[in-house]
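Asks: Provided below for reference: sequence and predicted model.
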Amino acid sequence: MSGGNDALATAAAPLRVVYLGSGDIGLPTLKWLARSAPQTQVVGVVTQPDRPAGRHQTLTPPAVKILAQRLLPGVPILQPERLRRPEAVESLRALAPDVLVVFAYGQILPKTVLALPRIPGACLNIHASLLPRWRGAAPIQAALLAGDTESGLTIMWMDAGLDTGDILLARPLPLGPDETAGTLHDRLAALAPAALAEALALVAAGRAPRTPQDAARATHAPKLDRRSGLLDWAREDAATLARRVRALHPWPGAFTTLPGGTGETLKIYPPATALAAAERKGEPGEVLIADPREGILQVAAAGGSALRLHEVQLAGKRRLSAAEFLRGHPLTPGSVLGKTP
């Protein structure tokens with residue numbers, strides 16, 4: 001990160017930066033910004049409002065707010081419910097930013113906000129994919145679901161579209177065979193500060209490129225919800241299901257329902273091993289092997305494939321190995337997972 005500060009040292013005056021973010025992925029970037037003075041000056045932080053959380057629904061501030069209060073005492077922290085409201089826009093205008101830096105903020109910026117920076121067009125969004133691939137809300141998960149061998153970060157000039165702005169710079173990152181959304185999230189979070197440092201140095205020097213995206217190559221990463229983790233044994237083969245288990249860990253998590261029609265869920269943790277050809281035949285979702293001594297829990301999937309589950313968890317219970325689970329919750333070969341009540 002020291003190299004990033006060296007890059008910014010060419011700026012004639014500190015850049016007045018407002019950071020907009022809510023996700024944990026941006027915490028290393030905010031930390032770097034807080035320590036990048038005198039090359040930059042963080043004049044404001046914008047994040048989501050405090051929300052009820054936990055069993056007792058205690059009003060809890062976002063992690064971005066907690067970090068900003070610790071590292072940037074006295075810097076205004078704005079938490080508008082809707083950034084497009086006139087009073088929110090005016091509060092942001094009063095900070096007189098040169099640059100807006102946006103990373104997993106969670107709201108679309110209206111044109112009134114995009115026009116605020118003193119440097120024309122200097123609303124920079126850090127996006128967790130190599131644009132134009134995987135525009136949208138869940139690029140990390142989308143890359144893993146698709147079986148991509150590469151992901152990365154893009155810093156782009158924001159416009160009114162959804163992740164359609166010109167590219168300032170991109171940083172690729174190879175994906176490992178056991179990559180999960182959690183590990184990729186953390187690797188991209190660590191990659192972002194140096195990438196932003198280079199981008200801000202280029203902006204300050206007036207040399208930042210603008211490379212239009214090729215819209216013909218664009219793909220979309222839709223928003224996920226809790227039901228996104230439901231395994232469809234009949235429609236997806238074991239290789240696809242294994243990717244889903246990795247792509248949706250830790251949130252929302254892959255799961256299936258137990259036999260009996262009660263709707264009781266069984267969460268499935270990575271890794272899950274895909275077998276292109278099942279050792280035994282069965283309908284999709286059918287338990288093929290359930291051996292507590294060997295710890296083998298194998299389930300039929302589409303196309304004659306099978307998925308071996310290694311770690312699972314019943315709702316409200318602790319995470320167990322397949323062997324531990326089968327000793328306490330025997331499954332009969334021939335029973336079928338994933339049937340709706």
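Replies: Arrived safely, thanks for sending.

Asks: pretty sure Asp163 sits against Gly136.
Replies: Yes: the pair Asp163 / Gly136 is scored as a contact, 6.6 Å apart, by CB atoms under 8 Å. For the C-beta atoms, the positions are set from N, CA and C on the backbone; glycine is no exception.

Asks: which of those two has more neighbours?
Replies: Between Asp163 and Gly136, Asp163 has the larger neighbour count (other CB atoms under 10 Å), namely 22 against 16.

Asks: can you verify the more buried one is assigned to a strand?
Replies: No: Asp163: not assigned to a strand; according to DSSP: H, G, I helix; E, B strand; the rest coil it is coil.

Asks: look up how far Leu231 lies from it.
Replies: 29 Å (CB to CB, to the nearest Å).

Asks: and what of Gly44?
Replies: The spacing between Gly44 and Leu231, counted by CB to CB, is 44 Å.

Asks: and these two? which has more neighbours close in?
Replies: Leu231 (26 against 22).

Asks: just give the closest residue to that one, not the sequence neighbours.
Replies: Thr256 (4.9 Å; CB to CB, 6 or more residues apart in numbering).

Asks: can you check Gln79 too?
Replies: In space, and not counting its chain neighbours, Gln79 is closest to Pro49: 4.5 Å by CB to CB, 6+ apart.

Asks: ok, now which ones touch the one you found?
Replies: Residues counted as contacts of Pro49 (CB atoms under 8 Å, 6 or more residues apart in numbering) are 79-81.

Asks: and what about it, helix, strand or coil?
Replies: Pro49 ends up coil, using three-state DSSP.

Asks: would you list the phi and psi of it?
Replies: For Pro49, the backbone dihedrals are phi -60, psi 160 (criterion: degrees, to the nearest 10).

Asks: then Leu27?
Replies: Dihedral angles for Leu27 - degrees, to the nearest 10 - are phi -60, psi -40.

Asks: quick one: it and Pro62 touch, right?
Replies: No: judged on CB under 8 Å, Leu27 makes no contact with Pro62 at a distance of 10.2 Å.

Asks: tell me the mean pLDDT over the helix or strand that contains Ala204?
Replies: Element membership of Ala204 [criterion: DSSP states H and E] is helix 181-205. In this model, helix 181-205 carries a mean pLDDT of 98.

Asks: which neighbours in the sheet does the next helix or strand after it have, and how are they oriented?
Replies: As assigned by DSSP H and E, the chain's next helix or strand after helix 181-205 is strand 220-221. Using DSSP bridges, strand 220-221 pairs in its sheet with strand 135-136 (parallel).

Asks: would you map the helices across the stretch 1-150 of the chain?
Replies: Using DSSP state H, counting those that start in this stretch, the helices of the stretch 1-150 of the chain run over 2-8, 27-34, 63-71, 86-93, 111-114, 139-145.

Asks: one step back: and the residue nearest to Gln79, what pLDDT?
Replies: 96.

Asks: ok, back up a step: is it true that the residue nearest to Leu231 lies in a helix?
Replies: No: per three-state DSSP, Thr256 lies outside any helix segment and is strand.

Asks: and it, what is it in contact with?
Replies: Thr256 touches 230-231, 233, 265-266, 268, 285, 299, 337-338, counting by CB under 8 Å, 6+ apart.

Asks: try 6 Å
Replies: 231, 266, 337-338 (CB atoms under 6 Å, 6 or more residues apart in numbering).
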